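Asks: How does the following fold in three dimensions:
(chains A, B, C and D)
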4 protein chains.
Amino acid sequence: MDIGLVGLGKMGGNMRTRLRQAGHTVVGFDFDPALRDVDSLEALVEALPSPKVVWVMVPHGKPTHDTVSQLGELLSEGDVVVDGGNSKWTDDARHAAELGEKGIGFVDCGVSGGVWGLENGYALMCGGSNEDVAKVQPAFDSLKPTDGGFVHAGRKPGAGHFAKMVHNGIEYAMMQSYAEGWELLEAVDLVEDVPATFDSWRSGTVIRSWLLDLLTNALQDDEHLEALRGYADDSGEGRWTVEAAIDNAVPMNVIAASLFARFTSRQEDSPAMKAIAAMRNQFGGHAVHSGAKG
Amino acid sequence: MDIGLVGLGKMGGNMRTRLRQAGHTVVGFDFDPALRDVDSLEALVEALPSPKVVWVMVPHGKPTHDTVSQLGELLSEGDVVVDGGNSKWTDDARHAAELGEKGIGFVDCGVSGGVWGLENGYALMCGGSNEDVAKVQPAFDSLKPTDGGFVHAGRKPGAGHFAKMVHNGIEYAMMQSYAEGWELLEAVDLVEDVPATFDSWRSGTVIRSWLLDLLTNALQDDEHLEALRGYADDSGEGRWTVEAAIDNAVPMNVIAASLFARFTSRQEDSPAMKAIAAMRNQFGGHAVHSGAKG
Amino acid sequence: MDIGLVGLGKMGGNMRTRLRQAGHTVVGFDFDPALRDVDSLEALVEALPSPKVVWVMVPHGKPTHDTVSQLGELLSEGDVVVDGGNSKWTDDARHAAELGEKGIGFVDCGVSGGVWGLENGYALMCGGSNEDVAKVQPAFDSLKPTDGGFVHAGRKPGAGHFAKMVHNGIEYAMMQSYAEGWELLEAVDLVEDVPATFDSWRSGTVIRSWLLDLLTNALQDDEHLEALRGYADDSGEGRWTVEAAIDNAVPMNVIAASLFARFTSRQEDSPAMKAIAAMRNQFGGHAVHSGAKG
Amino acid sequence: MDIGLVGLGKMGGNMRTRLRQAGHTVVGFDFDPALRDVDSLEALVEALPSPKVVWVMVPHGKPTHDTVSQLGELLSEGDVVVDGGNSKWTDDARHAAELGEKGIGFVDCGVSGGVWGLENGYALMCGGSNEDVAKVQPAFDSLKPTDGGFVHAGRKPGAGHFAKMVHNGIEYAMMQSYAEGWELLEAVDLVEDVPATFDSWRSGTVIRSWLLDLLTNALQDDEHLEALRGYADDSGEGRWTVEAAIDNAVPMNVIAASLFARFTSRQEDSPAMKAIAAMRNQFGGHAVHSGAKG
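Replies: Residues are numbered from 1 along each chain as shown, chains lettered A, B, ... in the order given. Model (predicted):
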């Protein structure tokens, strides 16, 4: 099929490559002239046959809002916009409504895959009407792994990003699960070969997984992870997952704790623990540690 | 090799089968006459060539203590006892010392595999001296999966059970990770086909794992898990993992929360939340819900 | 001073009484004719001398939005609206801006006190310009306890409701702290007189507090809280506290866990734990508990 | 009454003073000659009339075990040993049994009060037979605050230390409750005067408490707690509380999270978060922060 692709960064660029390897005609636009096929969104839209399908792969928030709005000006009834970025699921209804006024379809699509997607395929979770999804299906079929990795999660806008968001929330907690176990193995002088232990778990255990494969790789390179700092950013999805849980009265201790662990990892010193130290000092004359950490 | 096997329940029985399929000679004893090959521990020991290897596969605590003690009476210098049950890792030093007084070797071995082990092999994590482990290695090689699943975790007694214990702690938290994500998907009316979403995650995503395969299977049988009650037992390993973390000042929010979730799942009503209700009633005249839950 | 009071429910009605006892002239309006002094907002505004001060004490969300909008129509430059309800702090900027277009001042005020406020005074946390707060100060001085309980938390709109929100978040976690301790005392057959133990903690300990007084009262009436169900509602403030923490990357394990405990307390059965049961059943043939809880 | 007091450190020394101020005759022994009244345990026992009451106030574990054993040698039937230190409640049954063989009574007593105890009295929670407790009651009556602060928690050995342990668990979580709230107030640029806000909460609110008084004091001295480091030790009681909860299947998310926060506060860098960073680096090429924190 012919498809427009807006945003040719690490993810978008690799997706263009994978789509072309599958025989699709991709017209790509990016603000960076070195990456793009055409010089403007207008030229991109111009280059596509109708019904036109344009896949947006830019940062969530304003960049996506602006791109969708501009496409709303340029596209026509029957065309489809796909938001494959990391938009918050609540943005999708707004984008769908805005485009829907002109009869333009909208599909939201959560994309997982990172640097492995080009070779192995991207996991795709999409939301939208059956009709709109059908127009993008050939691209979905080529982007996804050969053995699965695609779901039309729901027909309401946001179903795809919501599924992807929950996926990321689960990811945070799974990573924290291994991390806590690893820390305990390291803390107790009993298991001598921790990397070999993780490697052994990759076969026959209940906890075998792709994340375990990755952590095993990392431990085989650097047994005690001495080259790394215990610092982790978080993207919007983890936060939104917990917020959605709160809005829906879903208890979510484990995913929330995983998110909070990332927050803590980025603090030079913990304000909360300063308050603890202050109270302890007041009531017990406990020794106070002052000055900068480290 | 020749090996004695004490305890022929679901796990032990299947292990005997797998060992025999691999060509080993297994002499099994169990209190249940219908399951056993010989009528007594004495007969079991008698039947083995020296150095004798006896694998104990009985419940942890007193049954294991007693069996190890009796084997201590029956075996001789150079023989080896393997504790393949779910013993607490701190029991192993005691068993090793007790047997060591007579020159009998001891290997602790955590075994994972459940009902799938017979066919696919059991993941094995063992602790003990190189010499003792070498005497059991042919059995380990046949019990484990063909593509890995074995580690000699450390030479101190307990290394194997400790590794298995941490494995189970990670397992609790991974299960809770998926469970929380599933609950959120079910709570929000957006993703229409939750089983298909889980199925799609099995390919190309960061969270693909064997547990995801299992949960997907379960959801395909019973989309909303209506036939199940939200009730989960816990074995000793989850508790011991958190206790070991506390003893070693390792923060373990996620695994601990997973354990606590199981405790909560078994309460008809929460005493703590009664106390919350009592306080709310005192200060705010909040409506009080009385009577039994449900 | 003269003050208008909109909303004469349990909180508003008691506040009117306390203000009148202090010598203020209060004109009250409510949709319920049995409670009100005047028959309309128009009559309320009419009855006040300029600069007019109107205190709004209605449910947050639409009722407060509508009341503020109507007062915006009726009041004039130099008048002041106080929102003393449980509004989300993010609503305050909007209300302040709306009223500010006409030169009408706005003060947001978090009010704590429950059924004890009439007698002991209400804790008040307010936000707004010095000028606007000064116009309401005589009412604040009479509503608050004699020995403190008032703060002008900040000059930006929302400072008062934000402070009150955080107060409530802390409240959730403090209640949960006592509740968990109480559950443990009840679970272990060692402390024979738990109510007396709580009573003794009211003097000389680090954990003495008003909440402890309340819980002690409750335990003295019903030692094992048998008349209560472990069920707790949550108001918006607890949720907003955790959301604000997430938005600002503040780790908040304890307050979040307290909120989640309330969610759990309201579930007949836990969907997450059904998923745990499903996975356990798949891999281990663990016994499954089916049917309804209880 | 006459009472022997072993251990005259900060706590023991102040208790001697308070007992003497109340008219009791205290004979004190300590390893430090500068602090003690007599030069040996033998001399201490010698100096007391029968039935002799000896209060032990030394560190838990070996120092307490040894002191109790030596007193067992020196005392006679009808005498009583009080363990007022921070012993683990499970030690008490052993001490009681050891002394009981000779007919010597044993009372375990949790003591709270810190540096404020001398002036305001110590909160006391004790366990032991009615007969043994009665022999110590005059000392209890003088040590405790005038308005309460004493409970005979149970007749089994350990009841007092168990109650004190739970008290400390609650304390950890209450402190964390305020600390998390304070961190959020500091993180958001809205509440301008945080110390005044905490001060205002001391009257009329649901969260007023002695800990709030202390934190308010600290904030008035150092608004942003800039002189402190976010570092908190933990004593045994917090750990034992969570362990007891686990042993009794009591969910304890909030107290456990408070304990884990203290563990985290003492880590220069988090091993668990290194593992998170390692996994993120493997799957996403996320930027890795290397080198030492700070």
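
Asks: Does A:Gly78 lie in a helix or a strand, and which?
Replies: Taking DSSP states H and E as the definition, one finds A:Gly78 inside no helix or strand.

Asks: Distance-wise, check it relative to chain C.
Replies: 39 Å (C-beta to the nearest C-beta, to the nearest Å). The C-beta positions use only the backbone N, C-alpha and C, and glycine is treated the same way.

Asks: residues in contact with that residue?
Replies: By C-beta atoms under 8 Å, 6 or more residues apart in numbering or on different chains, the contact list for A:Gly78 reads A:Ser50, A:Pro51, A:Gly103, A:Ile104, A:Gly105.

Asks: Now with 6 Å, please.
Replies: A:Pro51 (C-beta atoms under 6 Å, 6 or more residues apart in numbering or on different chains).

Asks: Would you map the strands across the stretch 1-150 of chain A?
Replies: A:2-6, A:25-29, A:53-56, A:80-83, A:105-112, A:123-127, A:150-154 (DSSP state E, counting those that start in this stretch).

Asks: I'd like those laid out as a markdown table, including distance to A:Ala173.
Replies: Formatted as a markdown table, these follow (distance: least, C-beta to C-beta, whole Å):
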| stretch | distance to A:Ala173 |
| --- | --- |
| strand A:2-6 | 32 |
| strand A:25-29 | 36 |
| strand A:53-56 | 29 |
| strand A:80-83 | 26 |
| strand A:105-112 | 16 |
| strand A:123-127 | 18 |
| strand A:150-154 | 20 |
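
Asks: Could you confirm whether the helix ranked longest in chain A reaches chain C?
Replies: Counting by DSSP state H, the longest helix found in chain A is helix A:159-187. No: using C-beta under 6 Å from any C-beta of the partner chain, helix A:159-187 stays clear of chain C, with a minimum separation of 11.2 Å.

Asks: okay, the angle between the following helix or strand past that helix and helix B:159-187?
Replies: Toward the C-terminus, helix A:159-187 is succeeded by helix A:194-201 as the next helix or strand (DSSP H and E). With axes from the mean of the first three to the mean of the last three C-alpha atoms, to 10 degrees defining the directions, helix A:194-201 sits at 60 degrees from helix B:159-187.

Asks: Pull out the buried positions in helix A:194-201.
Replies: For helix A:194-201, a neighbour-count test (16 or more other C-beta atoms under 10 Å in any protein chain shown) marks A:Val194, A:Pro195, A:Ala196, A:Thr197, A:Phe198, A:Asp199, A:Ser200, A:Trp201 as buried.

Asks: what does stretch A:20-30 give?
Replies: A:His24, A:Val26, A:Val27, A:Gly28, A:Phe29, A:Asp30.

Asks: Show me what that stretch is in contact with.
Replies: Stretch A:20-30 has contacts (C-beta under 6 Å, 6+ apart) with A:1-6, A:8, A:16, A:19, A:36-38, A:41, A:44, A:47, A:142.

Asks: what do you get for stretch A:247-265?
Replies: Residues contacting stretch A:247-265 (C-beta under 6 Å, 6+ apart): A:169, A:172-173, A:176, A:230-232, A:234, A:238, A:241-242, A:245, B:176-177, B:180, B:183-184, B:187-188, B:253-254, B:257-258, C:249, C:251, C:253, C:256-257, C:260, C:263-264, D:270, D:273.

Asks: Tell me where chain A has helices.
Replies: A:10-21, A:41-47, A:62-74, A:89-100, A:117-120, A:130-143, A:159-187, A:194-201, A:210-221, A:236-247, A:253-265, A:271-284.

Asks: Could I get the CA-only coordinates of the shortest one as PDB?
Replies: When you say that, I think you mean helix A:117-120. Only the C-alpha atoms of helix A:117-120 are listed here, as PDB (Å, rounded to 0.1, in the frame of the first residue of the first chain):
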ATOM      1  CA  GLY A 117      11.400  -3.700  16.100                       C
ATOM      2  CA  LEU A 118      13.000  -3.300  12.700                       C
ATOM      3  CA  GLU A 119      14.300  -6.800  12.700                       C
ATOM      4  CA  ASN A 120      11.600  -8.700  14.700                       C
END
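
Asks: which helices and strands does that helix pack with?
Replies: Contact here means 3 or more C-beta pairs under 6 Å, 6 or more residues apart in numbering or on different chains; DSSP states H and E; on that basis helix A:117-120 packs against helix A:10-21.

Asks: Can you list the buried residues in the helix it packs on?
Replies: A:Met11, A:Gly12, A:Gly13, A:Asn14, A:Met15, A:Arg16, A:Arg18, A:Leu19.

Asks: Between helix A:130-143 and that helix, find me the angle.
Replies: Here the directions of helix A:10-21 and helix A:130-143 differ by 90 degrees (the same axes, to 10 degrees).

Asks: from the middle of its chain, how far away would helix A:10-21 be?
Replies: Put simply, helix A:10-21 sits 17 Å off its chain's centre (C-alpha atoms, centre = their mean, to the nearest Å).

Asks: orientation of that helix relative to strand A:2-6 in degrees?
Replies: 170 degrees.

Asks: what is the mean pLDDT for helix A:10-21?
Replies: Mean per-residue pLDDT for helix A:10-21: 96.

Asks: next one: stretch A:125-134
Replies: 98.

Asks: gap between the two ends of that stretch?
Replies: End-to-end distance of stretch A:125-134 (C-alpha to C-alpha, to the nearest Å): 14 Å.

Asks: what's next to it, contact-wise?
Replies: By C-beta under 6 Å, 6+ apart, the residues outside stretch A:125-134 that reach it are A:80, A:105, A:107-110, A:151-155, A:157-160, A:163-164.

Asks: Can you tell me the closest non-neighbouring residue to A:Pro51?
Replies: A:Gly78 (4.4 Å; C-beta to C-beta, 6 or more residues apart in numbering or on different chains).

Asks: Quick check: pLDDT value at that neighbour.
Replies: 97.

Asks: Quickly note the distance from it to A:Val68.
Replies: 17 Å (C-beta to C-beta, to the nearest Å).

Asks: now A:Lys156
Replies: A:Lys156 is 17 Å from A:Val68, by C-beta to C-beta.

Asks: Compare neighbour counts for these two and give me the winner.
Replies: Taking other C-beta atoms under 10 Å in any protein chain shown, A:Lys156 and A:Val68 do not tie; A:Val68 has more neighbours (25 against 20).

Asks: was I right about that one contacting A:Arg94?
Replies: No: using C-beta atoms under 6 Å as the test, A:Val68 is too far from A:Arg94 to be in contact (8.9 Å).

Asks: circling back to that earlier point, PyMOL command for the buried members of the contacts of stretch A:20-30?
Replies: Typed into PyMOL, the line below selects the buried ones among these, using 16+ other C-beta under 10 Å:
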select buried, chain A and resi 1+2+3+4+5+6+8+16+19+36+37+38+41+44+142
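
Asks: so what's the residue nearest to A:Ala173 when sequence neighbours are not counted up against?
Replies: What sits nearest to A:Ala173 in space, not counting adjacent residues and going by C-beta to C-beta, 6+ apart, is B:Ser177, at 3.5 Å. Applying C-beta under 6 Å, 6+ apart to B:Ser177 gives the contacts A:Ile170, A:Ala173, A:Met174, A:Val254.

Asks: Leaving out sequence neighbours, find the closest residue to the residue of the stretch 1-150 of chain A found nearest chain D.
Replies: Residue of the stretch 1-150 of chain A nearest chain D, by C-beta to the nearest C-beta: A:Gly114 (4.2 Å). Leaving out its chain neighbours, the residue that sits closest to A:Gly114 by C-beta to C-beta, 6+ apart is D:Gly284, at 4.2 Å.

Asks: neighbours of A:Glu46, just the number please.
Replies: Neighbour tally, A:Glu46, other C-beta under 10 Å: 13.

Asks: Kindly provide the distance from it to C:Arg36.
Replies: Distance of A:Glu46 to C:Arg36, computed by C-beta to C-beta: 66 Å.

Asks: All set now, cheers.
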